[in-house]
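>>> whatever this is, show me its structure:
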Amino acid sequence: MTQPDPILPVLADDELSERAAAVFDDIRDTRNTDFVNNIWRVLANDPNLLEQTWSEVKNTLTEDSELDVLTKQLIYIAVSVAQNCNYCIRSHTAAARALGLTDAQLAELHTVIGLAAKTNRLAQGLQVPIDEAFL
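Numbering: from 1, shown residues only. All right, here's what the predicted structure looks like:
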């Protein structure tokens, strides 16, 4: 698979600003890993954007709340498919697999995504009026 060149550099650890390095430390601590993936390495070109985005991701995706973390990852995969973000599909599928997602569950998820896309297009294309009961 040929990948496009990044718009901004994928920064190595020795190229980080002090602020970006601190965020990377938090990513590593939070995820209990030495691996920092490329989205963060590209966002590190703008430490403010990196801090803001990591804070949102950390607060939303790393804690159980009303939704468990695996469910949040499945939603993220579905939205990533809808938005055609290959990077996000791959990274969040890897995260979901680390949380126990099986091949069968992944296949079923994509069946649901495909069905939702189809029925969404049908409803939108045919301009189906919304039922009063749903309002």
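
>>> which residues of this protein fall in helices?
If you assign secondary structure with DSSP state H, the helices in the chain sit at 18-31, 38-43, 47-61, 69-83, 86-98, 103-125.

>>> domains for the chain, by residue range?
By the assignment in the TED database, the chain contains the domains 1-62, 65-134.

>>> redo those as a markdown table? Include mean neighbour count and mean pLDDT.
No exception for glycine: its C-beta is placed from N, CA and C like everyone else's. Shown next, in a markdown table, are those (neighbours: other Cβ atoms under 10 Å; pLDDT from 0 to 100):
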| stretch | mean neighbour count | mean pLDDT |
| --- | --- | --- |
| domain 1-62 | 14 | 96 |
| domain 65-134 | 13 | 97 |
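
>>> so Q73 makes contact with L99?
Yes - contact criterion Cβ atoms under 8 Å: Q73 and L99 qualify, at 6.4 Å.

>>> format the helices of the chain as CSV; extra columns: distance to D5.
Output for the helices of the chain, formatted as CSV (distance: least, Cβ to Cβ, whole Å):
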stretch, distance to D5
helix 18-31, 21
helix 38-43, 11
helix 47-61, 20
helix 69-83, 21
helix 86-98, 14
helix 103-125, 29
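
>>> out of those helices, which comes closest to M1?
Across these, M1 has its closest neighbour in helix 86-98 (8.7 Å, Cβ to Cβ).

>>> run through who's touching the closest one.
Applying Cβ atoms under 8 Å, 6 or more residues apart in numbering, the contact partners of helix 86-98 are 37-39, 61, 70, 73-74, 76-77, 79-81, 101, 106.

>>> any idea which of these is closest to P6?
Among the contacts of helix 86-98, N38 lies closest to P6 (Cβ to Cβ), at 7.8 Å.

>>> ok now do the closest one, which residues does it touch?
When contacts are counted by Cβ under 8 Å, 6+ apart, N38 touches P6, V10, Y87.

>>> distance check, the second one against D64.
Read that as V10. For V10, the distance to D64 (Cβ to Cβ, to the nearest Å) stands at 31 Å.
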